[in-house]
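Asks: fold the following.
(2 chains)
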Number of protein chains: 2
Amino acid sequence: MFVIGERTNGMFTSIGDAILAKDPQPVRAMAEQQLGCGANALDINVGTRVPKAERPAVMQWLVATTREVTDICLAIDTPNLEVMRVGLEAACRKGTGMINSTTGQADKLAAFMKLAREFKARIIGLAIDENGVAATADAKVEIGMRVLAAALDVGLAADEVYLDPITLPLNCAQNAPGIMLETIRQFKMLSDPAPHVVIGLSNLSQGATERGLINRSFLVMAIQAGLDASIHDPLDEELMNAMITAEVLLNRMIYSDSYLKAYRQT
Amino acid sequence: MFVIGERTNGMFTSIGDAILAKDPQPVRAMAEQQLGCGANALDINVGTRVPKAERPAVMQWLVATTREVTDICLAIDTPNLEVMRVGLEAACRKGTGMINSTTGQADKLAAFMKLAREFKARIIGLAIDENGVAATADAKVEIGMRVLAAALDVGLAADEVYLDPITLPLNCAQNAPGIMLETIRQFKMLSDPAPHVVIGLSNLSQGATERGLINRSFLVMAIQAGLDASIHDPLDEELMNAMITAEVLLNRMIYSDSYLKAYRQT
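Replies: Residues are numbered from 1 along each chain as shown, chains lettered A, B, ... in the order given. As a prediction, the model looks like this:
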């Protein structure tokens, strides 16, 4: 599993405060904490507390500050093309970048794929297009196919593409997890080699009481269905333990009595 | 999910001691505890501490003592035909019985199916035959098919049959969970209406350090694959929570913020 840590995000109070105070210390510490817990990449999101006009500069600072402590893949999390470019520039000076995200909307898709090619960046494609969030597995897969084709067209490899079925909160759409699982299975059959499949896990339990339990139960199911990347909180130890155990159960990681420790040491 | 509580078993110290002392109180208490935690049936196993010759009488006592407090389905857990008959007689005086278990071995299958018909009992069929434990999904499904056919032949309905792919310990056979998941999927496609699929969950984590984590992660996967019955410890609250959450995620139980509580109140 390719874990994209979600905590370098201005929506979290400590990071939001650090951004406003231009204090690099909490940003560096958050990167190190997530890496220490097994993150394979870090999502970078400036949040909503800075005015729109300042977001390119803030993204530049947030990425550069994170880059001071790691050359791991950084996922620039913004729907804005200008903020994305600035973020990728800062991320790709040393190490790789990831576009989080494009949709299947034609003009957006073209612009973000151009950026992906320019920065040799990986790219996340959401199951959204001109008609909004696709509601059925078929419609999600159709958009996934368009994203994948656009990526191959600009010279990306299938395994640089991360298709995202879109996570809806369980308490609003109880049929959504089943549709996601079906979409994950079908995404993995779109090409050979297959694209990666990623989810933004935490949204599933938005507003629910049993957030941790819901997140980790669904993550285990999604891994079984073919999920191989997830944007989530690597500091959630129970979630990471469930994820690692799923990998061991599916024989993707060797069992030993201390497999949890072994995972965290590699 | 049809939960068959595993704790009325002479292998557990409190029940083993109660059997030797002929003390009904711990046996009644264990039945009530398991039912209070959401068990839909109780497995009854005399364990290994009583001499073979005494096992029919002990099974009779253990079942009758449990029957004093509940008329729920009781699964008589023995490979011995005589012990099985005595157990079913005691179980079926009031409420239903379940045979745990037959294998696909021809003579055993014939004898146990005869008993199932006589007592209108449900029956668990293991993926074992003259050649031992079937190692591949194909071989397991082939035995499952034979068990199902034998059941239909004596007049049982498909949904009175519980096929069991056989659980091997993860630390001995790391490819076994994947094979089990594939077998579960195929068992559910054997007929329409489909047979039930059951596992003896705890054996999976036999000898492992992270027993609870392994059991509950696999149970969630197995439910997604089509499992609809499980022999496990209903007193394991985290396991039951994971199971209930899997049901909610697959839209088989209505979500509410207090869905864990709601499950336990029904």
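Asks: can you give me the helices in chain A?
Replies: Counting by DSSP state H, chain A has helices at residues A:13-21, A:24-36, A:55-67, A:81-92, A:106-119, A:137-153, A:176-187, A:211-225, A:237-249, A:259-265.
Asks: highest average neighbour count across the ones you listed?
Replies: Per-residue neighbour counts averaged over each of these give the maximum for helix A:211-225, namely a mean of 24 (mean count of other CB atoms under 10 Å in any protein chain shown). For the C-beta atoms, the positions are set from N, CA and C on the backbone; glycine is no exception.
Asks: what packs against that helix?
Replies: Based on contacts counted as 3 or more CB pairs under 8 Å, 6 or more residues apart in numbering or on different chains; DSSP states H and E, the elements that helix A:211-225 packs against are helix A:176-187, strand A:229-232, helix A:237-249, helix B:211-225, helix B:237-249.
Asks: what about the shortest one, distance to the chain center?
Replies: Relative to the chain's own centre, strand A:229-232 is displaced by 5 Å; criterion: CA atoms, centre = their mean, to the nearest Å.
Asks: I'd like to know which elements that strand is packed against.
Replies: strand A:2-9, strand A:196-200, helix A:211-225.
Asks: and that strand, which strands flank it?
Replies: Counting by DSSP bridges, the strands paired with strand A:229-232 are strand A:2-9 (parallel), strand A:196-200 (parallel).
Asks: residues in contact with the first one?
Replies: With CB atoms under 8 Å, 6 or more residues apart in numbering or on different chains as the contact definition, strand A:2-9 has outside contacts at A:15, A:27, A:30-31, A:33-35, A:37-45, A:47, A:62, A:66, A:75, A:77, A:98, A:100, A:196, A:198, A:200, A:202, A:228-235, A:240, A:243.
Asks: coming back round to it: wait, which of the helices and strands packed on strand A:229-232 is closest to residue B:188?
Replies: Shortest distance between residue B:188 and the helices and strands packed on strand A:229-232, using CB to CB, is found for helix A:211-225: 15.3 Å.
Asks: what's that closest one in contact with?
Replies: Contact with helix A:211-225 is made by A:1, A:170, A:177, A:180-182, A:184-185, A:199, A:201-202, A:204-205, A:208, A:227, A:230, A:232, A:236, A:238-239, A:242-243, A:245-247, A:250, B:181, B:217, B:220-221, B:224-225, B:241-242, B:245-246, B:248-249, as judged by CB under 8 Å, 6+ apart.
Asks: quick one on the thing from earlier: residue B:259: which of the helices of chain A is closest?
Replies: Checking these against residue B:259 by CB to CB gives helix A:211-225 as the closest, at 9.6 Å.
Asks: just the mean pLDDT for that closest one, thanks.
Replies: Helix A:211-225 comes out with an average pLDDT of 98.
Asks: now it against helix B:176-187, angle please.
Replies: Here the directions of helix A:211-225 and helix B:176-187 differ by 80 degrees (axes from the mean of the first three to the mean of the last three CA atoms, to 10 degrees).
Asks: for chain A, name the helix or strand with the lowest mean pLDDT.
Replies: Ranking every helix and strand in chain A by mean pLDDT, DSSP states H and E puts helix A:259-265 at the bottom, with a mean of 92.
Asks: any residues touching it, and which ones?
Replies: Applying CB under 8 Å, 6+ apart, the contact partners of helix A:259-265 are A:37, A:38, A:241, A:244, A:245, A:247, A:248, A:253, A:254, A:256, B:210.
Asks: close to chain B: what parts of the stretch 101-250 of chain A are there?
Replies: A:170-171, A:174-175, A:177-178, A:181, A:208-210, A:213-214, A:217-218, A:220-221, A:224-225, A:241-242, A:245-246, A:248-250 (CB under 8 Å from any CB of the partner chain).
Asks: mind checking how far the spatially most central residue of chain A is from residue B:125?
Replies: Closest to where the C-alpha atoms of chain A average out (CA atoms, centre = their mean) is residue A:231, at 3.9 Å. Note on residue A:231: its distance to residue B:125, by CB to CB, to the nearest Å, is 43 Å.
Asks: on that earlier part again, export the strands paired with strand A:229-232 to JSON lines and tack on distance to residue B:111 and mean neighbour count?
Replies: Converted to JSON lines, the strands paired with strand A:229-232 look like this (distance: least, CB to CB, whole Å; neighbours: other CB atoms under 10 Å in any protein chain shown):
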{"stretch": "strand A:2-9", "distance to residue B:111": "53", "mean neighbour count": "23"}
{"stretch": "strand A:196-200", "distance to residue B:111": "49", "mean neighbour count": "24"}
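Asks: kindly reformat the ones you listed as a markdown table containing mean pLDDT.
Replies: Output for these, formatted as a markdown table (pLDDT from 0 to 100):
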| stretch | mean pLDDT |
| --- | --- |
| strand A:2-9 | 98 |
| strand A:196-200 | 98 |
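Asks: could you dump those into CSV with distance to residue B:104 added?
Replies: Putting the strands paired with strand A:229-232 into CSV (distance: least, CB to CB, whole Å) gives the following:
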stretch, distance to residue B:104
strand A:2-9, 42
strand A:196-200, 38
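Asks: can you pull up the bridge partners for the nearest residue to residue A:77 once chain neighbours are set aside?
Replies: In space, and not counting its chain neighbours, residue A:77 is closest to residue A:45: 3.9 Å by CB to CB, 6 or more residues apart in numbering or on different chains. In this structure, residue A:45 bridges to residue A:9 when assessed by DSSP bridges.
Asks: rewinding a little: determine which two of the contacts of helix A:259-265 are furthest apart.
Replies: Maximum pairwise distance among those (CB to CB): 20.6 Å, between A:37 and A:254.
Asks: so those two - more neighbours on which side?
Replies: residue A:37 (18 against 10; other CB atoms under 10 Å in any protein chain shown).
Asks: identify the residues contacting residue A:235.
Replies: Applying CB under 8 Å, 6+ apart, the residues contacting residue A:235 are A:7, A:33, A:34, A:37.
Asks: which pLDDT value belongs to residue A:228?
Replies: 97.
Asks: and the closest residue to it other than its chain neighbours, how far from chain B?
Replies: If the residues on either side of it in the chain are set aside, residue A:228 comes closest to residue A:196, at 5.3 Å by CB to CB, 6+ apart. Taken as CB to the nearest CB, to the nearest Å, the spacing of residue A:196 relative to chain B amounts to 20 Å.
Asks: does residue A:196 really touch residue A:161, like I thought?
Replies: Yes - with contact defined as CB atoms under 8 Å, residue A:196 reaches residue A:161; the gap is 6.7 Å.
Asks: okay, now residue A:155: neighbour count?
Replies: Every residue meeting other CB under 10 Å relative to residue A:155 is counted, giving 11.
Asks: distance of residue A:15 from residue B:145?
Replies: As defined by CB to CB, residue A:15 lies at a distance of 57 Å from residue B:145.
Asks: which residues are in contact with the residue in the stretch 51-200 of chain A that chain B sits nearest to?
Replies: Among the residues of the stretch 51-200 of chain A, residue A:177 lies nearest to chain B; the distance is 4.5 Å by CB to the nearest CB. With contacts defined as CB under 8 Å, 6+ apart, the neighbours of residue A:177 are A:170, A:204, A:218, A:221, B:249, B:250, B:251.
Asks: which residues does the nearest residue to the second one once chain neighbours are set aside contact?
Replies: Distances taken as CB to CB, 6+ apart place residue A:167 nearest to residue A:204, at 5.0 Å, with adjacent residues excluded. Applying CB under 8 Å, 6+ apart, one finds that residue A:167 lies in contact with A:176, A:180, A:199, A:200, A:201, A:202, A:203, A:204.
Asks: can I get those in CSV with distance to residue B:152?
Replies: Written out in CSV, the entries for the contacts of residue A:167 read as follows (distance: CB to CB, whole Å):
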residue, distance to residue B:152
A:176, 38
A:180, 37
A:199, 42
A:200, 47
A:201, 44
A:202, 47
A:203, 46
A:204, 41
